[in-house]
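J.: Sequence and predicted structure below; questions after.
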Amino acid sequence: MSKRTDNNNFAGKIGAILATAGSAVGLGNVWRFPTETGANGGAAFLLIYIGFMLLLATPIMIAELTIGRHGQRDVLYAFRKMNGSKGNWAFMGYLPVVAGILVLSYYAVVAGWTLEYAFRAGVNDFAGKTQEEFSNDFSQFISDPLRPLTWIFLILAMTFGIVALGIQKGIESGAKIMMPALFIFLAILVVCSLTLPDASIGLTFLLKPDFSKVTQHTILSAMGQSFFTLSVGICCLCTYACYFRKDVDLFKDGLNVAVIDTVVAVMSGLIIFPAVYSVPGLSPDAGPSLVFITLPNVFQRVFAGMPVLAYIFSLLFYLLLVMAALTSSISMLEMSSSYFHKEKNMSRAKSALIMTAICMTLAIACSFSFGIWKDYTVFHLGFFDLFDFIIAKIFMPIGGLLICIYLGWSVKGDVVYNEVTNNRTITQPLYPLFMFIIRYFAPICILMIFISELGLIDF
């Protein structure tokens, strides 16, 4: 058996879907989606978001899958191969290397926070605390120069261990365990949340649309969230598609990934909004503090007379966050390390270790930006906010735009058609619509996001 089929390719379709979905599902679903939904009026935002998931994010994701699966090795090789080296598109192969390092460097900081809070929930540290105490605890923790680093090291060590094991033994096996566990945690928490007092108010907020609250900002935010949640534009999914088997139905499996990602986001909303509305005086648009300050307080106040339920609810929620963080951090490390593994013939373990060390170093700087280095800024941004700005506001939209131009205009139509139809062995009736979106609709939307996010034009 060749090395390629031994542990350098997903063994089955289910494993491929779960691993790819795991790369998309992350803190953006459990944290950013409820925050954006809460700030943009609830159900109306949700419907617009789902529309953009179908018409924008999913087609670009399928474009990434098409490029990666065609290459069957790594992203750099895939971009060189698919258009026959027409034009100088090889530079796109370096995008996931840089993006993977930058994303994981600041993402590991927040992932470390989830580990800290899972630990606190596990030792029942939340019991009896007030909102002010939760706020003070969080501020003291993130500004501490040492304590966050312990959790960052642990999350990166777990990520390295899984990636170093390879595709089948590490990434695919991990996804088969973590993704079902994530859904079990989600289901339990949804049931618990929907039984809370006044949960119906939160449910109405999430599911009954009020289109009078929709503004241009709402539409652009929904568009941006659909783009962000699938991590399109930085070749993350393109990297995983390099390990797809040739019999994978890219349209069908891509849609499955989008559905899984959306279901996780909606289920997160079904957990958070009923819980928040169960405590008078709290707002669903609390922002990033929602997860680490507001919700611990909610759990304690809602279950004030039932400390065991408060303990279980808190622990399950933060274990859920840890799972979501880990499934995404694995894909980020794979993005950066696969280049050195494939292109430079470096062992998987060595390339993953080097990338982990680089990310750990940069993560220290990101963590310090909340404390001892908070006065050190670049363009008035701390290291954490700077990395987030570069990825979310520059790399993702520009990368997505270039992917659309590459697949829609640089690659021959027959090559794309043969790839998405598995050399014409399956039918794809949506192919004309897919190509229209990639060539025209998606680039226009991406440009709107890019210009708006940079504040150049207020649509």
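T.: Yep, it's here.
J.: For the stretch 51-200 of the chain, which segments count as helices?
T.: Under the criterion DSSP state H, counting those that start in this stretch, the stretch 51-200 of the chain carries helices at the ranges 58-71, 75-82, 95-122, 131-143, 147-164, 173-194, 199-207.
J.: what comes up buried for the second one?
T.: Using 16 or more other Cβ atoms under 10 Å as the burial criterion, the residues of helix 75-82 that qualify are Val75, Leu76, Tyr77, Ala78, Phe79, Arg80, Met82. Any C-beta I mention is one placed from the backbone N, CA and C, and that applies to glycine too.
J.: Mind listing residues that contact that helix?
T.: Here helix 75-82 makes contact (Cβ atoms under 8 Å, 6 or more residues apart in numbering) with 67-68, 70-72, 89-90, 92-96, 235, 238-239, 242, 338-339, 342-343, 406-407, 411, 415, 419.
J.: Quick check: which ranges of the protein have low pLDDT?
T.: Per-residue confidence for the chain (pLDDT under 70) gives these ranges: 1-7, 85-87, 281-288, 453-459.
J.: circling back: which of the buried residues of helix 75-82 sits closest to Leu149?
T.: Of all the buried residues of helix 75-82, Val75 has the smallest distance to Leu149: 30.9 Å, by Cβ to Cβ.
J.: Buried residues of stretch 400-418, list them for me.
T.: Quick answer for stretch 400-418 (16+ other Cβ under 10 Å): Gly400, Leu401, Leu402, Ile403, Cys404, Ile405, Tyr406, Leu407, Gly408, Val411, Val415, Val416.
J.: cool, stretch 424-434 as well?
T.: Within stretch 424-434, the residues that count as buried by 16+ other Cβ under 10 Å are Gln428, Phe434.
J.: same thing with stretch 124-135?
T.: Phe126, Gln131, Phe134, Ser135.
J.: quick one: the helix or strand containing Ser331 to helix 95-122, angle?
T.: Using DSSP states H and E, Ser331 sits in helix 307-343. Angle, helix 307-343 to helix 95-122, by axes from the mean of the first three to the mean of the last three Cα atoms, to 10 degrees: 160 degrees.
J.: between helix 307-343 and helix 58-71, what angle do the directions make?
T.: Put simply, helix 307-343 runs at 40 degrees to helix 58-71, going by the same axes, to 10 degrees.
J.: which of the residues in helix 307-343 are buried?
T.: 310-343.
J.: which outside residues touch stretch 204-218?
T.: Outside stretch 204-218, the residues that touch it by Cβ under 8 Å, 6+ apart are 37, 40-48, 266, 269-270, 273, 277, 284, 458-459.
J.: Mind doing that once more with 10 Å?
T.: When contacts are defined by Cβ atoms under 10 Å, 6 or more residues apart in numbering, stretch 204-218 is touched by residues 34, 36-49, 221-222, 266, 269-270, 272-274, 276-277, 284, 448, 452, 458-459.
J.: circling back: so can I have a markdown table of the helices of the stretch 51-200 of the chain showing distance to Leu353?
T.: Below are these laid out as a markdown table (distance: least, Cβ to Cβ, whole Å):
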| stretch | distance to Leu353 |
| --- | --- |
| helix 58-71 | 24 |
| helix 75-82 | 20 |
| helix 95-122 | 14 |
| helix 131-143 | 27 |
| helix 147-164 | 6 |
| helix 173-194 | 18 |
| helix 199-207 | 43 |
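J.: Let me know which of the ones you listed is the nearest to Ile438.
T.: Per Cβ to Cβ, nearest to Ile438 of the helices of the stretch 51-200 of the chain: helix 58-71, 5.6 Å.
J.: Helices along the stretch 301-450 of the chain, start to end?
T.: Here the stretch 301-450 of the chain has its helices, by DSSP H, counting those that start in this stretch, at 307-343, 348-368, 383-389, 396-405, 413-420, 431-436, 442-453.
J.: and these as a markdown table, adding distance to Lys176?
T.: A markdown table is the format used below for those (distance: least, Cβ to Cβ, whole Å):
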| stretch | distance to Lys176 |
| --- | --- |
| helix 307-343 | 11 |
| helix 348-368 | 19 |
| helix 383-389 | 30 |
| helix 396-405 | 28 |
| helix 413-420 | 26 |
| helix 431-436 | 29 |
| helix 442-453 | 32 |
